[in-house]
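Enquirer: 3D, please:
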Amino acid sequence: MREVRILCSGVIGLMFAAGTAAADRTMVVLLDATGSMQTTRCDNSLSRFDQSKLDAADRVTFAAMETGGLSGVAVFKFSGSGTGIVAETAGFVTPFDAVTAINNATVTSDLTPLANAMCSVIDTARASGSGATTTRFLEVFSDGGENNSVGAPCAGPYSTTNSPPFDAGPPASWQNLVYERTTNPLPAVTVDATLYHNETGCPLLAARIDPETAALTAAGRQAPALSAPATDVDFFSALATATGGNFTDVVDSAPVPVIADLDGNFVVDRNDAILLARQFGAPATDAFDLNGDGKIGFADYQLLLKRFGDGSGTPEPDPYTPSEPITCRAEQTIRIEGKVIENSGLTIHGVGSCHVIIANSLIVSGTAAITVRGSAVLEVDNSIIVGEGNWLRSRGSVSLSAAGSVFHGPKTVSGSFTYTDRGGNTFE
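Expert: Numbering: from 1, shown residues only. Prediction:
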């Protein structure tokens, strides 16, 4: 069963306080509160709606901790007819208040005016902020199944083409109308879409009738077929791609994807931290650039560490015991075994003539992992040493003997450097 994350007000406040001052970045959150969102996931843990609230609150919290922060968040839900829009916040509010509104949102038994709801909130997102410098996000959490948009602004039939350009008609498909309204005109809005749906892996769901399906049946109507020419997966993934956003597919019978789960085991653990550290300096991608500053480095690593244990998977045992940064002074021998040293600054500092033995350990630095002034003998076995600036920065004489170890980052040495390769090392 998936762990239910409950964020109390004090915890949220501390998390937001850990972020930087907000740039001009706004976010609109749209929650699908229709009857089909009452469907319980296959493991009987949560309804789609409850899962969407967890995911929406997580997205707001995480975006607020990114380098740019969030200057304002507006929360809406939709169901019923017309646009179906209900404002859960009084305009744009703080991330803290937005998370509170998300947690308090309730689901309905109504139908799905998805197209008109999306066209309504995209206008709200586009009008937010102070002008051309504003970064705007629209976060959509829905199980799709448009079935009740009528008339303006974006009602229409389903598209018979499954990728842009969606059917322009006449009559224009609802996918085409929403797509065009979202991608044009400027200012741009980045759309992140999370879709909740069933596949063949959960036969229990086929026997469950949600209130929305019952209402459609009573009205002599049918829900859209999952195999329609343009599915919700087609639509939401195309919309996210076109706007530079992300599409997340949450299948009822599968574990829920987790932010910062880099190895795909549905939990954030030490293996993910190592994968991220070994990407320091690489071109930024959404998966690794967790703080959205356009680079992969120790700031992202710190965010990942705060998420240890998140997810429904079973974390691998952490083989390391935390240790503070270490200074090795003249004539000392320091042994580091089974430790993890993580610091935005220096992690191991050698002064004078010292001997450092590192075995079965992980060293991650936001600057230089190992610095030497004077001379040092380094023995490294089965360890990972990562520096965002350098794995080694030295003024003097350094002798390295290593086996089965990873060294990530540049090496800057002013003086002599000798290396004894005992096999199995990687310099990257």
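Enquirer: can you count the residues close to Asn265?
Expert: Counted by other CB atoms under 10 Å, the residues lying close to Asn265 total 18. (Glycine included, C-beta is placed from N, CA and C.)
Enquirer: Can you report how many residues lie near the nearest residue to Pro315 once chain neighbours are set aside?
Expert: Residue nearest to Pro315 in three dimensions, not counting chain neighbours: Asp269, with 3.7 Å by CB to CB, 6 or more residues apart in numbering. Applying other CB under 10 Å, we find 24 residues neighbouring Asp269.
Enquirer: what's near enough to touch Asp269?
Expert: By CB atoms under 8 Å, 6 or more residues apart in numbering, the residues touching Asp269 are 308-309, 315-316, 318.
Enquirer: Could you look up the SS state of the closest residue to Val93 other than its chain neighbours?
Expert: Sequence neighbours aside, Val73 is the residue nearest to Val93 in space, at 6.1 Å (criterion: CB to CB, 6+ apart). Secondary structure, DSSP: H, G, I helix; E, B strand; the rest coil: Val73 is strand.
Enquirer: measure Val73 to Phe235 for me?
Expert: 24 Å (CB to CB, to the nearest Å).
Enquirer: swap in Ser312?
Expert: 27 Å.
Enquirer: more neighbours, the two?
Expert: Set side by side, Ser312 and Phe235 show more neighbours around Phe235, with 30 against 18, by other CB under 10 Å.
Enquirer: That one - nearest residue in space that isn't next to it in sequence?
Expert: Nearest to Phe235 is Gln175, by CB to CB, 6+ apart, at 5.0 Å.
Enquirer: Gln51: which element?
Expert: Element membership for Gln51, per DSSP states H and E: helix 48-65.
Enquirer: nope, Thr217 is what I was after
Expert: Counting by DSSP H and E, Thr217 is found in helix 211-218.
Enquirer: Starting from that helix, tell me the next helix or strand along the chain.
Expert: Following helix 211-218 in sequence, per DSSP H and E, is helix 232-243.
Enquirer: Please spell out the segments of the stretch 1-150 of the chain that come in under the pLDDT threshold.
Expert: 1-22 (pLDDT under 70).
Enquirer: how about the helices in it?
Expert: Secondary structure of the stretch 1-150 of the chain, counting by DSSP state H, counting those that start in this stretch: helices at 9-18, 48-65, 95-104, 114-126.
Enquirer: Of all the ones you listed, which one is nearest Pro255?
Expert: Of all the helices of the stretch 1-150 of the chain, the one in closest proximity to Pro255, counting by CB to CB, is helix 48-65 (11.3 Å).
Enquirer: mind saving the C-alpha coords of that closest one as CSV?
Expert: Below are the C-alpha coordinates for helix 48-65, written out as CSV (Å, rounded to 0.1, in the frame of the first residue of the first chain):
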residue,chain,number,x,y,z
ARG,A,48,-7.7,8.8,-7.9
PHE,A,49,-8.8,12.1,-6.4
ASP,A,50,-7.0,11.6,-3.2
GLN,A,51,-3.9,10.6,-5.1
SER,A,52,-4.2,13.7,-7.3
LYS,A,53,-4.3,15.9,-4.2
LEU,A,54,-1.1,14.3,-2.9
ASP,A,55,0.6,14.8,-6.2
ALA,A,56,-0.7,18.4,-6.6
ALA,A,57,0.5,19.4,-3.1
ASP,A,58,3.8,17.7,-3.8
ARG,A,59,4.2,19.7,-7.0
VAL,A,60,3.5,23.0,-5.4
THR,A,61,5.8,22.3,-2.5
PHE,A,62,8.6,21.2,-4.7
ALA,A,63,8.2,24.1,-7.2
ALA,A,64,8.3,26.5,-4.2
MET,A,65,11.6,25.0,-3.2
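Enquirer: so what are the domain limits for this structure?
Expert: 9-257, 261-318, 321-427 (automatic domain parsing).
Enquirer: So for the second one, first residue to last residue, what's the gap.
Expert: Meaning domain 261-318. Separation of the first and last residues of domain 261-318 by CA to CA, to the nearest Å is 15 Å.
Enquirer: And for the last one?
Expert: Start to finish, the residues bounding domain 321-427 are 24 Å apart (CA to CA).
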